[in-house]
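[1] I'll drop the sequence and a predicted model, then ask my questions.
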Amino acid sequence: MTATTVTQLHPAPPRAGAVLTVDDLVDLHSPPDRSSPRVRANFVASVDGSATAAGRTRDLGGPADLLVFDLLRRLCDVVVVGAGTVRDEGYGPMRLDDDAVAWRRAAGLPDHPVFAIVSGTLGLDPTSGVFTDAPVRPVVLTHDGAPRDARARLGQVADVVSCGRDLVDPRLLVRALVERGLTQIHTEGGPALFGDLVAADVVDELCLTVSPNFEGGAGPRIVAAREAMALKGLALDHVLLADDMLLTKWSRRR
């Protein structure tokens, strides 16, 4: 384990207070069956519920959160992110480090996951390194009403896929990715995209880091829903502790 020490609180490990290795963390987060479609989300939030600090997530995290963030990318087939989050968080191409690539090769997976960007307006720059330096051709998920000229420009550097008539339909989004063989779907937000996925009840799992900070109430929650929705129950899979930070994993109770 590098940079930080992670111990498991729930369920209790065989040895109380045992320090988890990277392999332990991989095992805890690995899907039980890669052939079965699964939608997983990863977020960090302050103890008072903010998904950002000063408009971005990075100041809420820490070494352990970053480690799990990287491992979740290692385990998935596709990383799905809203276009606004790509811009706000300064995303680059979806390129994993050498250790992750070696692990994926040993597991019989492609070197890198696909990067899928969700955009209704297609306000994306096709000359951005997100596209031009991508190790795998990205996918842009949009709808039939998106601007045709932008669709044509992005079509030169990405596969542009419609998932709805006037809006991106989360169920069609999941179906489109699964039909491409991308069954292990991982999203990093933002809150608007996650809100749509939760409302459509397609989220199977949430990895949530609780940052030991007060943000003060100015930032958004991890879910930005279009309208009120019924409660959707979750089961607690595990709680990990790294210094004062909690790393949790929850599964949708269906």
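    Perfect, thanks for sending it. Residues are numbered from 1 along each chain as shown.
[2] in the protein, which spans are helices?
    22-29, 63-75, 83-88, 98-106, 129-132, 148-154, 170-179, 191-199 (DSSP state H).
[3] Redo those as TSV? Include mean neighbour count and mean pLDDT.
    (Each C-beta comes from the backbone N, C-alpha and C, glycine too.) Formatted as TSV, the helices of the chain follow (neighbours: other Cβ atoms under 10 Å; pLDDT from 0 to 100):
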stretch	mean neighbour count	mean pLDDT
helix 22-29	16	96
helix 63-75	20	97
helix 83-88	18	94
helix 98-106	14	98
helix 129-132	16	98
helix 148-154	15	98
helix 170-179	19	98
helix 191-199	22	96
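[4] Among the ones you listed, which comes closest to A41?
    helix 191-199 (5.8 Å; Cβ to Cβ).
[5] which secondary structure elements does that closest one contact?
    Other elements packing on helix 191-199 under the criterion 3 or more Cβ pairs under 8 Å, 6 or more residues apart in numbering; DSSP states H and E are strand 38-46, strand 78-82, helix 170-179, strand 184-187.
[6] Now distance to L208 too, for those, in a markdown table please.
    Shown next, in a markdown table, are the helices and strands packed on helix 191-199 (distance: least, Cβ to Cβ, whole Å):
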| stretch | distance to L208 |
| --- | --- |
| strand 38-46 | 5 |
| strand 78-82 | 17 |
| helix 170-179 | 19 |
| strand 184-187 | 13 |
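[7] between those, which one is nearest to V130?
    Here strand 78-82 is closest among those (Cβ to Cβ), at 9.7 Å.
[8] and the angle from the closest one to helix 63-75?
    120 degrees (axes from the mean of the first three to the mean of the last three Cα atoms, to 10 degrees).
[9] where's strand 78-82 relative to the chain centroid, distance-wise?
    6 Å (Cα atoms, centre = their mean, to the nearest Å).
[10] That one: partners in the sheet, and parallel or antiparallel?
    When pairs are called by DSSP bridges, strand 78-82 turns out to pair with strand 114-118 (parallel), strand 184-187 (parallel).
[11] Adding mean neighbour count, distance to P135 and mean pLDDT, write those out as a markdown table.
    Formatted as a markdown table, the strands paired with strand 78-82 follow (neighbours: other Cβ atoms under 10 Å; distance: least, Cβ to Cβ, whole Å; pLDDT from 0 to 100):
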| stretch | mean neighbour count | distance to P135 | mean pLDDT |
| --- | --- | --- | --- |
| strand 114-118 | 25 | 9 | 98 |
| strand 184-187 | 24 | 17 | 98 |
